[in-house]
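Asker: Sequence plus the predicted model coming up.
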There are 2 protein chains.
Amino acid sequence: MTNKLNSNNLTKSEEDYLKALFQLLVEDDSAKVGNNQLADYLNVSPASTNNMIKKLKGKNYVVSEKYGKLDLTEDGKAIAVRLIRKHRLWETFLCNYLNFTWDEVHDVAEQLEHIKSRKLIDELDRFMDFPKKDPHGEQIPDANGEYSILPKVTLSSLSEGDVCKLMAVNDGSVNFLKYVSAIGLVLSSEIKILEVREFDNSIRIQFNDTVETVTRKFADNVFVKKVV
Amino acid sequence: MTNKLNSNNLTKSEEDYLKALFQLLVEDDSAKVGNNQLADYLNVSPASTNNMIKKLKGKNYVVSEKYGKLDLTEDGKAIAVRLIRKHRLWETFLCNYLNFTWDEVHDVAEQLEHIKSRKLIDELDRFMDFPKKDPHGEQIPDANGEYSILPKVTLSSLSEGDVCKLMAVNDGSVNFLKYVSAIGLVLSSEIKILEVREFDNSIRIQFNDTVETVTRKFADNVFVKKVV
DNA sequence: TAAAAAAGTTAGCCATGACTAACAAATTAA
DNA sequence: TTAATTTGTTAGTCATGGCTAACTTTTTTA
């Protein structure tokens, strides 16, 4: 690990791009991430992305060939992991100490993750007694950037009769998170797949004593571990 | 209070200028604050200040006439007070929960004060049970922006034989704060003025069982309440 | 395999908020 | 009360990080 990482002078934008690229490449385990895909993920124009990628290549955080796919260097990855660590620790703090709900934390954590202070985040970690998972069920990287990225099994990938446990939810959409809460799903809920409707890919599920029909789009954002 | 305050879209820079102007005008109770003085306080060029003041006048946060002194509107003051509230609450959190020392908190609080979330700061306030003073002894504005600005009595304004209590310190300089800690002064320390030396305005003081000589510059940054 | 579509790139524009240099007004001092 | 100094303003430049429009390369599909 270079000492560049400790005296990191990246702008908020540069950090956003590195984190986004990491999430597409590593957390979503994409075989190929392209310029337009990254632009789409960040809600900016392809021209802006192209521009920033050039800059990040110059700083040795990104590698790519002209018209080729994007990749991160080890330094780039390390920065992204530190951002993810900060994001998830703040989310945990907001939910566990400041009465925030699932769907309220994301926007604030997006701001807080850019605060530059190694001591702040390590002390926050200690204060909460080194939590391993954030409120959405995601693993929190430790101070050395170590964490296990479990392969994501979506609810939509299961079949009729399967039983699974809710491990995590995609924290990107406030409306989705509100919906999850509203129907009564929480982390560790045991979910049984009653029926997968071929027509529109909607899924009939049962958890606790509730039976619900959810769309494919919903099921794509719910991450589970298969039990049966 | 206008609802502009709740959906405030100010940039970090705009916030910095409003807060700086407030601190010069209200907290330091200056009769007149000019463009260059503000530039100096913020460590930017007079041209930059001039430019920003125009912008803030356009948004009705600042009032001034050409070549005249600067002033804040009620809206401008309200924004500044909210920044001060955020700054001081974060400082309190860092010191009381995250093992930060006096001299470490300022830079991080400067970043944290720009986080935009009403809920975040009000919950942080509640979490700490509504503290009234920050670690440097300054009053913390409440959720309605109410707080008492006590007239600042500096250690340097007292005379031989006076006895006072340390109420607050200027939190602007890390080196100053380290020095205060190093010689053993803490909030509420009782200080006796042993001697004021006319030659260089240095002051000989006694607190606990310590006798120290401090410079005029040091004494200007120590705020006290006269006891005898 | 040639045409269409998608993906990536480039050029040029804009706003923000810094800066310097040059100039104008106001204040202070001689 | 004029001259010097300080203070304030304006004009023009720069970097960052957005954007659109036009263009090129790659991939897909007919």
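Answerer: Happy to help now that I have it. Numbering: from 1, shown residues only, chains lettered A, B, ... in the order given.
Asker: now the helices for chain A?
Answerer: In chain A, the helices defined using DSSP state H lie at A:12-22, A:35-42, A:46-58, A:74-97, A:105-112, A:118-127, A:174-183, A:216-220.
Asker: Give me the pLDDT value at the closest residue to DNA strand C within chain A.
Answerer: Using Cβ to the nearest atom of the strand, the point where chain A gets nearest to DNA strand C is A:G34, with a distance of 2.2 Å. C-beta coordinates here come from the backbone N, C-alpha and C atoms, glycine included. Per-residue confidence (pLDDT) for A:G34: 96.
Asker: Give me the below-cutoff pLDDT ranges for chain A.
Answerer: For chain A, applying pLDDT under 70 flags the ranges A:1-7.
Asker: Residue numbers of it in contact with DNA strand D?
Answerer: Contact residues, chain A versus DNA strand D (Cβ under 7 Å from any atom of the strand): A:11-14, A:16, A:43-48, A:51-52, A:55, A:67.
Asker: hmm, 6 Å instead?
Answerer: When proximity is defined as Cβ under 6 Å from any atom of the strand, chain A approaches DNA strand D at A:11, A:13-14, A:44-45, A:47-48, A:51-52, A:55, A:67.
Asker: Pick out whichever of those sits closest to B:K165.
Answerer: Checking those against B:K165 by Cβ to Cβ gives A:T11 as the nearest, at 44.8 Å.
Asker: okay, now that closest one: neighbour count?
Answerer: 11 (other Cβ atoms under 10 Å in any protein chain shown).
Asker: got it, and A:K86?
Answerer: 25.
Asker: That one: what's it in contact with?
Answerer: A:112-113, A:115, A:121 (Cβ atoms under 8 Å, 6 or more residues apart in numbering or on different chains).
Asker: ok, now with 6 Å
Answerer: A:113, A:121 (Cβ atoms under 6 Å, 6 or more residues apart in numbering or on different chains).
Asker: State the distance from it to A:V105.
Answerer: Remark: distance between A:K86 and A:V105 (Cβ to Cβ, to the nearest Å) = 13 Å.
Asker: first vs last residue of stretch A:166-183, how far apart are they?
Answerer: 14 Å (Cα to Cα, to the nearest Å).
Asker: do that stretch and chain B meet at all?
Answerer: No: Stretch A:166-183 does not reach chain B (Cβ under 6 Å from any Cβ of the partner chain); its nearest approach is 13.7 Å.
Asker: Show me what that stretch is in contact with.
Answerer: A:102-103, A:106, A:136-138, A:187, A:189, A:212, A:221-225.
Asker: out of those residues, which is most surrounded?
Answerer: Busiest of these [other Cβ under 10 Å] is A:V224, holding 26 neighbours.
Asker: what's the distance between that one and DNA strand D?
Answerer: Separation of A:V224 from DNA strand D (Cβ to the nearest atom of the strand, to the nearest Å): 30 Å.
Asker: That residue and A:V153: what is the separation?
Answerer: 6 Å.
Asker: picking that back up, relative to B:V63, which of the contacts of stretch A:166-183 is nearest.
Answerer: The closest of those, once distances to B:V63 are taken by Cβ to Cβ, is A:H106, at 38.4 Å.
Asker: so how far is A:N221 from the nearest residue to that closest one once chain neighbours are set aside?
Answerer: Leaving out its chain neighbours, the residue that sits closest to A:H106 by Cβ to Cβ, 6 or more residues apart in numbering or on different chains is A:D171, at 5.3 Å. Using Cβ to Cβ, A:D171 is found at 9 Å from A:N221.
Asker: If any of the residues of chain A next to DNA strand D are buried, give me the PyMOL selection for them.
Answerer: This is the PyMOL syntax for the buried subset of those, where burial follows 16 or more other Cβ atoms under 10 Å in any protein chain shown:
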select buried, chain A and resi 14+44+52
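Asker: closest to B:L24 among the residues of chain A next to DNA strand D?
Answerer: Proximity of these to B:L24 (Cβ to Cβ) peaks at A:T11, which lies at 29.0 Å.
Asker: how many other residues sit next to A:L120?
Answerer: 22.
Asker: Just give the nearest non-adjacent residue to it, would you?
Answerer: Closest to A:L120 by Cβ to Cβ, 6+ apart is B:V108, at 5.5 Å.
Asker: Isn't that neighbour up against A:K119?
Answerer: No: assessed by Cβ atoms under 6 Å, B:V108 is found out of contact with A:K119, at 7.9 Å.
Asker: Compare these two and say which is more crowded by neighbours.
Answerer: Neighbour count, other Cβ under 10 Å: between B:V108 and A:K119, B:V108 has more, with 19 against 13.
Asker: I'd like to know how far the more buried one sits from A:S117.
Answerer: 5 Å.
Asker: do the same with A:K57
Answerer: Taking Cβ to Cβ, one finds A:K57 at 28 Å from A:S117.
Asker: Next: A:T49.
Answerer: In this view, A:T49 and A:S117 are 29 Å apart by Cβ to Cβ.
Asker: Among these two, which residue is more densely surrounded?
Answerer: Relative neighbour count places A:T49 above the other of A:T49 and A:S117, with 23 against 20, counting by other Cβ under 10 Å.
Asker: give the contact list for that one.
Answerer: Contacts of A:T49 (Cβ under 6 Å, 6+ apart): A:35, A:38-39.
Asker: Then A:D220?
Answerer: A:154, A:156.
Asker: and what of the one 5 residues further on?
Answerer: For A:K225, the set of contacting residues under the criterion of Cβ under 6 Å, 6+ apart consists of A:165, A:167.
Asker: How is chain A divided into domains?
Answerer: A:1-149, A:155-226 (automatic domain parsing).
Asker: Can you lay out the ones you listed as TSV showing distance to B:N175?
Answerer: Shown next, in TSV, are those (distance: least, Cβ to Cβ, whole Å):
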stretch	distance to B:N175
domain A:1-149	18
domain A:155-226	42
